[in-house]
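Participant: I need the structure of the sequence given here:
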Amino acid sequence: MMLPVAIPEGAQGRILTSVGGLYTVETSSGICTCKARGVFRKRGVLPYVGDYVCLSEDSVIHEILPRKNSILRPPVANLDQIFFVISACKPSPNLQLLDAFLTVAIYKEIQPVLVLTKVDLKQADEIQKLYTRIGIPVYPVLYPQPETIAAVAELLRGKVSMMTGNSGVGKSTLLNAIAPDLQLPVGEISEKLGRGRHTTRQVQLYACAGGYLADTPGFSTFEAEQYAQMEKEQIADCFPEFRPYLGKCRFSDCAHVCEKGCAVLEAVEQGTIAKSRHDSYVSLYQIAKQRKAWET
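Facilitator: Residues are numbered from 1 along each chain as shown. The predicted structure follows:
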């Protein structure tokens with residue numbers, strides 16, 4: 001049971017957990033449990049885990065400070081980075097799905113990091129080369145080589161992070177190697193992270209390797225619709241390798257899909273831009289293009 005903490009008027013803190021309308025807030029005076037003023041719900045705004053907030057003396061959240069970013073599922077604000085964990089095999093990597101979520105991270109101005117698992121079972125050199133070349137940090141992990149785990153753990157220090165990936169890619173194994181005290185059940189949904197099948201849905205930031213780590217949804221639930229909410233014209237900016245060619249096409253309104261004189265397509269033909277990445281772009285562009293006006 002959390003002991004009451006004396007909170008001075010106007011104190012600020014960061015929300016660590018959110019469940020059932022109650023928020024655990026870390027302040028300079030200690031950690032306290034708070035409610036939010038009803039005015040937030042009336043405005044259609046809710047505090048997110050990771051939000052910096054102002055508290056009243058009676059431990060009520062009365063102001064949400066400006067966010068640098070936020071995502072919808074799980075509802076987390078002020079992320080520094082997202083770790084996308086994919087396995088070299090079992091399950092095979094779905095690069096088009098990965099590209100969709102990398103686009104979301106870049107659009108939200110959250111640093112994406114790619115972690116490759118099961119590289120002892122199958123080499124993933126081509127994947128590493130593909131994403132390193134476009135400026136995405138890539139970290140293969142091999143458990144017999146502790147330095148590969150330490151490299152990922154060091155990235156967590158002093159940052160607010162989230163780790164996500166398809167079921168079976170080895171997120172729990174990786175987290176247990178980074179922070180053995182978590183004791184996450186491998187192959188199961190961890191109740192410690194509030195994601196048990198029959199537990200109340202909870203969002204949490206927990207201390208890990210000198211930073212904070214948000215609970216870990218799979219790709220299927222990580223804001224899967226966000227890229228569809230982007231304007232189609234914004235998507236190309238979220239592909240870093242496209243940027244040197246944007247504005248150099250024959251037509252100023254070039255969609256970079258199949259147009260003549262497209263500098264991006266010429267770069268694909270020359271091998272400067274990977275065809276798989278352009279295919280991912282076209283898929284995202286078509287989704288945004290086909291979206292009905294009432295869905296925007």
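Participant: Model confidence for residue 47, exactly?
Facilitator: With respect to pLDDT, residue 47 has a value of 92.
Participant: And residue 284, by the same measure?
Facilitator: What the model reports as pLDDT for residue 284 is 91.
Participant: Now do the contacts for it.
Facilitator: Neighbouring residues of residue 284 by CB atoms under 8 Å, 6 or more residues apart in numbering: 99-100, 103, 227, 230, 235. (Each C-beta comes from the backbone N, C-alpha and C, glycine too.)
Participant: What is the lowest-pLDDT residue among these?
Facilitator: Least confident of the contacts of residue 284 in the model: residue 227, at 49.
Participant: quick revisit: and of the contacts of residue 284, the nearest to residue 80?
Facilitator: Among the contacts of residue 284, residue 103 lies closest to residue 80 (CB to CB), at 18.2 Å.
Participant: if we take the contacts of residue 284, which one ends up nearest to residue 141?
Facilitator: Proximity of these to residue 141 (CB to CB) peaks at residue 99, which lies at 21.1 Å.
Participant: Tell me how many other residues crowd that closest one.
Facilitator: 22 (other CB atoms under 10 Å).
Participant: Just give me the closest of the contacts of residue 284 to residue 166.
Facilitator: Closest approach between those and residue 166, by CB to CB: residue 100, at 12.8 Å.
Participant: these two touch, right, the closest one and residue 280?
Facilitator: Yes: the pair formed by residue 100 and residue 280 meets the contact definition of CB atoms under 8 Å, at 6.8 Å.
Participant: longest helix anywhere in this structure?
Facilitator: Ranked by number of residues, the top helix in the chain under DSSP state H is helix 275-290.
Participant: now the strands: where do they sit in the stretch 51-200 of the chain?
Facilitator: Assigned by DSSP state E, counting those that start in this stretch, the strands in the stretch 51-200 of the chain fall at 52-55, 60-64, 70-71, 76-77, 81-87, 111-117, 138-140, 160-164.
Participant: Can I get stretch 34-50 in CSV, CA atoms only?
Facilitator: Extracted in CSV, the C-alpha atoms of stretch 34-50 (Å, rounded to 0.1, in the frame of the first residue of the first chain):
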residue,chain,number,x,y,z
CYS,A,34,-3.7,10.9,-7.8
LYS,A,35,-7.0,11.5,-9.7
ALA,A,36,-7.4,13.9,-12.6
ARG,A,37,-9.8,16.8,-12.6
GLY,A,38,-13.1,16.1,-14.5
VAL,A,39,-12.4,19.0,-16.8
PHE,A,40,-9.9,16.8,-18.8
ARG,A,41,-12.5,14.2,-19.7
LYS,A,42,-15.0,17.0,-20.6
ARG,A,43,-12.3,18.3,-23.0
GLY,A,44,-11.7,14.8,-24.4
VAL,A,45,-8.1,14.9,-23.0
LEU,A,46,-6.8,12.3,-20.6
PRO,A,47,-3.4,12.2,-18.8
TYR,A,48,-1.0,9.6,-20.3
VAL,A,49,1.7,7.6,-18.6
GLY,A,50,4.9,9.6,-19.2
